[in-house]
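[1] Mind folding the following:
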Amino acid sequence: MHFFSPFIPIPVASIKAILHRHLRQVLTVILLCSGISSLPCSGVGAAEIASSGPISQQSAASAPQPAAKTLLAESVGMLTLKDGRQLLGQLSGLTTFQLTWTVPTGETVSIPLTMVEKIDVKPIKEKVVPLEESPLIKPEEMFSGPSAQGLIEPIDQSEISEEPAALPEEELAAAEASASSTADDDDGAEKQSAEDVDTEAEDALFQLTQWEETVVAPLPEPVTFSYRFSRQQMKAWTKRFEIGARFLDGNSEEKTINSEARFENRYSDYTTRIDMGAKWGRARDVQISNQLFANANMDFGEVGSWIFFVTNQNQYDELQDLDYRGTLSAGVGYRFLDDEERRFITRLGPGVTAEEYSTPGNDRVTADIFAEAELQWPLFDRTHFESKSTIRPSIEDYEVFRFTNDMAVLVQLDEQSSWQFKLGVKQEYNSAPAALKKKSDFTTVFQLVYTLK
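    From the prediction side, this is the model:
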């Protein structure tokens, strides 16, 4: 059995669903007319609509005229769409699939309910702003492609592809060309920046004083470049100079001079340190000291990790009949701490030592083990302690070894830590000295230290 309509045949089984749908429409109109300020509309008729289609514009005379038009026309509101656009006007009509909205110019726009987010409605209490003065988008700019029926034609969802539409080949080629051009511009800017950095470094390298230019410029280019490069490299090194002296005249005649220099450079994950010094002294025309030393060490590795080191030590001591002693060692270590205030580094590895004495029969070359601990630690606000202890036992005979311990306390004399006073003690022990020589030597120093960073 069927219910006959002059337009579309409807099965009797669907009458209940149709009544339910129209009941929702009537309830929506009643809520709008009762003064509710905000009403979400996305759910009205959404179940019956497959998808949204074009939006039509029609004149006020041809717009649908529902029964509630008189009440709806007495309020003005703001229509908000799901894409964020807004339209000022009045609600003129409401059907199952769409609503009609009248803008201040009198033009009526049909909008599918699936596109509506909400409607803010309030009674008309003030003059409506004309469309040409309103900051909102004009309806003809917001909606295009008017439909004569003002209704939504259902669309089969199976025909809608979820994949994004591919760009035409011409547009795709243009986009790739634009991206390539942008990448080339970025590469060009990076190259230009790198060239600028190189130029600045070169300018700094060759920047000399007027006096230096006068002296260096006439020299050959290899000599000039070497001097300028060395001068630039010296700026990256921390330089420390120490000097101490004692002069006595009268009943006691004594002249002693102690001097040391330290150069240290840190770059990336390796540190280079060079120490050199001399000690000379005479008392009543008798030589009481005459020593020279030069040491170099390189550590490769980050702080808080294992390191690889290479060290070389060279020494001359007239009073020990030592013409030359050279030690070359390499191995591994651990850098626990290493900054301007605190340092604790240990090193261990094999080495070889060559010794030449002025007395015959004492020259030797031995394989030994190199072990060293270096410590620097702050004691007080302006005082810190530093120490370096080294032991080199022979591999062939562990009873033959040399031990050196150099300790000092430095007191800061100025705010910049440039000037310091040093009180130090150095012990040198050799288990197998030259004939008629003592095994231990102790040196106490009082020196003025200047550090240039």
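[2] got the buried residues for stretch 331-341?
    For stretch 331-341, burial by neighbour count (16 or more other C-beta atoms under 10 Å) applies to 331, 333, 335, 338. For every residue, glycine as well, the C-beta is placed using N, CA and C.
[3] cool, and stretch 357-377?
    357, 362, 366, 368, 369, 370, 371, 372, 373, 374, 375, 376.
[4] Return the residues in contact with the closest residue in space to the second one that isn't next to it in sequence.
    By that I understand residue 362. Counting by C-beta to C-beta, 6 or more residues apart in numbering, residue 434 is the residue found nearest to residue 362 once chain neighbours are left out, at 5.4 Å. Counting by C-beta atoms under 8 Å, 6 or more residues apart in numbering, residue 434 touches 320, 321, 322, 357, 359, 362.
[5] Repeat that for residue 277.
    By C-beta under 8 Å, 6+ apart, the contact list for residue 277 reads 242, 258, 259, 260, 261, 292, 293.
[6] I'd like to know which elements the one helix or strand the fifth one maps to is packed against.
    Following DSSP states H and E, one finds residue 261 within strand 254-267. Packing partners of strand 254-267 (3 or more C-beta pairs under 8 Å, 6 or more residues apart in numbering; DSSP states H and E): strand 238-248, strand 270-283, strand 286-300, strand 440-452.
[7] Below-threshold pLDDT in the stretch 151-300 of the chain: ranges please.
    Scanning the stretch 151-300 of the chain for pLDDT under 70 picks out 151-211.
[8] Look up how far residue 311 lies from residue 351.
    8 Å (C-beta to C-beta, to the nearest Å).
[9] roughly how far apart are residue 270 and residue 311?
    Using C-beta to C-beta, one gets 13 Å for the distance from residue 270 to residue 311.
[10] what pairs with the longest strand along the chain, and is each one parallel or antiparallel?
    As assigned by DSSP state E, the longest strand anywhere in the chain is strand 322-338. Strand 322-338 pairs in its sheet with strand 305-317 (antiparallel), strand 343-357 (antiparallel), by DSSP bridges.
[11] Average pLDDT for that strand, rounded please.
    Looking at strand 322-338 alone, the average pLDDT works out to 93.
[12] quick one: that strand to strand 270-283, angle?
    With axes from the mean of the first three to the mean of the last three C-alpha atoms, to 10 degrees as the basis, strand 322-338 and strand 270-283 are set at 140 degrees to each other.
[13] send the alpha carbons of strand 322-338 over as CSV?
    In CSV, the C-alpha atoms belonging to strand 322-338 read as follows (Å, rounded to 0.1, in the frame of the first residue of the first chain):
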residue,chain,number,x,y,z
LEU,A,322,123.1,15.5,32.1
ASP,A,323,123.7,16.8,28.6
TYR,A,324,120.3,15.7,27.3
ARG,A,325,117.3,13.6,28.3
GLY,A,326,114.4,13.1,25.9
THR,A,327,111.2,11.2,26.4
LEU,A,328,108.5,10.4,23.9
SER,A,329,105.3,8.8,25.0
ALA,A,330,101.8,8.2,23.7
GLY,A,331,98.7,6.5,25.2
VAL,A,332,95.3,7.0,26.6
GLY,A,333,93.9,9.0,29.5
TYR,A,334,90.7,10.4,30.9
ARG,A,335,89.7,14.0,31.1
PHE,A,336,87.5,14.3,34.2
LEU,A,337,87.4,18.1,34.3
ASP,A,338,89.0,20.8,32.1
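[14] ok so, going back, give the buried residues for the strand holding residue 261.
    Result for strand 254-267 [16+ other C-beta under 10 Å]: buried residues 256, 258, 260, 262, 263, 265.
[15] List the buried residues of stretch 307-325.
    307, 309, 311, 312, 313, 315, 316, 317, 320, 321, 322, 325.
[16] Quickly check those for the two that are furthest apart.
    307 and 321 (36.4 Å; C-beta to C-beta).
[17] Quick one: residues contacting residue 375.
    With C-beta under 8 Å, 6+ apart, residue 375 has these contacts: 343, 344, 385, 386, 387, 388.
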